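> Would you be able to build a 3D model of this:
(one chain, ligands or ions: 1)
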Amino acid sequence: MISRALVTGVAGQDGTYLAELLLADGVEVHGLVRPDDDTAYVPDGVVLHAGDVTDHESTRTLLHELGPDLVVNLAAMSSVARSWSEPELSWAVNAEAAIALLEAAEEMADAGHQIRFVQASSAELFGSPAVSPQDESTPLAPTNPYGEAKAAAHRGVGEARARGLHASSLILYNHESPRRPPAFVTRKITAGVAAIARGRETELVLGNLDARRDWGWAPDYADALLRAAHAETPDDYVIATGVSHTVRDFVAAAFAAAGVDAWEQYVRVDPAFFRPTDATELVGDASRARRGLGWAPTRTFEQVVAAMVAADLG
Ligand code: GDP
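All right, here's what the predicted structure looks like:
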């Protein structure tokens with residue numbers, strides 16, 4: 001039984017959806033937020049605590065004071081693009097903070113307090129994988145600072161599990177929603193397409209249109225995090241739809257959903273948005289999650305795009 005949870009990164013896309021699910025289950029939800037976080041989507045009822053996961057001593061103290069039976073670590077510097085310009089910050093937030101939080105949870109478990117830990121990991125663990133789709137046995141071979149840091153945290157979870165902690169790491173493929181910030185290509189596209197459809201903008205400037213991603217519906221991924229928390233035994237799980245599309249496909253689907261024809265005239269490619277290295281294809285095989293957690297995606301690519309465009313059209 002989970003009755004009290006601490007969610008780091010609660011103000012982010014996944015945190016807000018997860019908090020909604022936990023509250024609906026009657027769980028007392030505590031969330032860690034930084035002072036400048038936008039908390040617009042954090043549901044009423046979440047107890048907010050100001051802090052930063054890079055302040056290890058404070059998060060450790062908070063954990064001991066609250067004594068939650070679930071910790072979900074969603075705090076992240078989640079933009080791959082930004083991790084190239086701020087690799088140290090990416091390492092501090094995405095790797096070191098996760099490991100410190102795991103250690104604090106293990107301390108509590110060692111002291112006899114039942115505690116479960118769920119880590120939001122990433123498809124970026126796999127870099128530019130030679131095999132497709134990827135699953136939990138695919139070698140970790142990250143190729144950007146974000147992936148390097150997430151790989152360290154993912155290994156940390158495995159090691160804590162080996163020492164006896166109920167700790168799961170969910171290898172989340174890209175997952176989107178109207179709550180996705182526009183730093184991510186999906187929301188940049190849907191916001192841009194809506195502005196063009198409304199006559200407020202005349203062009204959409206993007207980078208690599210050939211990159212392929214496995215894009216799912218973010219609330220489904222929050223549901224997977226919760227299922228992992230409730231599972232009898234902890235494990236690593238790939239969470240993905242198993243279907244990939246190019247950025248170009250996303251653009252075409254978004255313009256179609258907005259009822260705008262001949263989209264090519266509005267889109268310009270600017271090499272400034274290309275990355276030093278970029279996974280060309282990431283697609284996940286979520287068979288283990290399907291079997292072990294009873295998890296399955298509920299929305300198709302077209303439905304995800306249409307929901308985001310509809311929200312941006314207002
Ligand atoms: P990521 O998979 O976590 O890096 O999620 P993003 O949404 O940031 O990027 C997904 C893919 O879209 C990457 O391969 C990017 O290179 C590509 N992409 C193409 N144009 C853009 C752009 O204008 N902004 C972003 N963020 N990504 C872009």
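> Surely Arg179 is in contact with Thr16?
Yes: if you go by CB atoms under 8 Å, Arg179 and Thr16 touch, sitting 6.3 Å apart. Heads up, the C-betas are built off the backbone N, CA and C, glycines and all.
> Can you pick out the residue with more neighbours from those two?
Comparing Arg179 with Thr16 by other CB atoms under 10 Å, the one with more neighbours is Thr16, at 25 against 18.
> sorry, back to before: anything in contact with each of Arg179 and Thr16?
Shared contacts of Arg179 and Thr16 (CB atoms under 8 Å, 6 or more residues apart in numbering): Tyr41.
> buried set for the longest helix along the chain?
Counting by DSSP state H, the longest helix found in the chain is helix 145-162. Neighbour-count burial for helix 145-162 flags 145-158, 160-161 (criterion: 16 or more other CB atoms under 10 Å).
> do the same with stretch 30-38
For stretch 30-38, the buried set under the neighbour-count rule, 16+ other CB under 10 Å, comprises His30, Gly31, Leu32, Val33, Asp37.
> Pull the contacting residues for Gly192.
Here Gly192 is in contact with Glu201, Leu204 (CB under 8 Å, 6+ apart).
> Provide the backbone phi and psi angles at it.
phi -70, psi -40 (degrees, to the nearest 10).
> follow-up on the earlier one: would the longest helix of the chain count as contacting the ligand?
No: Helix 145-162 does not reach the ligand (CB under 6 Å from any ligand atom); its nearest approach is 7.5 Å.
> Dump whichever helix or strand comes after that helix to PDB, restricted to CA.
Heading C-terminal from helix 145-162, the first helix or strand you meet, by DSSP states H and E, is strand 166-172. Presented in PDB, the C-alpha positions along strand 166-172 are these (Å, rounded to 0.1, in the frame of the first residue of the first chain):
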ATOM      1  CA  HIS A 166      12.600  -1.800  -4.300                       C
ATOM      2  CA  ALA A 167      13.900   0.400  -7.100                       C
ATOM      3  CA  SER A 168      12.700   0.400 -10.700                       C
ATOM      4  CA  SER A 169      14.000   2.400 -13.600                       C
ATOM      5  CA  LEU A 170      11.600   3.200 -16.400                       C
ATOM      6  CA  ILE A 171      13.300   3.800 -19.800                       C
ATOM      7  CA  LEU A 172      10.800   6.300 -21.100                       C
END
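> Give me the residues contacting strand 166-172.
14, 102, 105, 109, 115-123, 125, 136, 153-154, 157-158, 160-161, 221, 224-225, 228-229, 231, 233-240, 284.
> and if you look at stretch 251-266?
Counting by CB under 8 Å, 6+ apart, 189-190, 193-194, 196-197, 202-204, 206, 209, 245, 267, 301-302, 305-306, 308-310, 313 sit against stretch 251-266.
> In PyMOL, how would I select the buried members of those?
Typed into PyMOL, the line below selects the buried ones among the contacts of stretch 251-266, using 16+ other CB under 10 Å:
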select buried, resi 189+190+193+194+196+197+204+206+245+267+301+305+306+308+309
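> Considering only the contacts of stretch 251-266, which also neighbour the ligand?
Leu206.
> Just the contacts of stretch 251-266: which are in strands?
Residues of the contacts of stretch 251-266 located in strands (DSSP state E): Leu204, Leu206, His245, Val267.
> Let's see the pLDDT reported for the first one.
Okay, so that is Leu204. Here the pLDDT value assigned to Leu204 is 98.
> now swap in the third one and tell me
For His245, the model assigns a pLDDT of 97.
> In contact with it, which residues are there?
Counting by CB under 8 Å, 6+ apart, His245 has contacts Arg212, Arg213, Trp215, Ala253, Phe301.
> just the residues of the stretch 101-250 of the chain that are near the ligand, which are they?
So far as CB under 6 Å from any ligand atom goes, the stretch 101-250 of the chain lies against the ligand at Asn174, Ala183, Phe184, Val185, Thr186, Lys188, Leu206, Gly207, Asn208, Ala211, Arg213, Val247.
> Alright, I will stop here.
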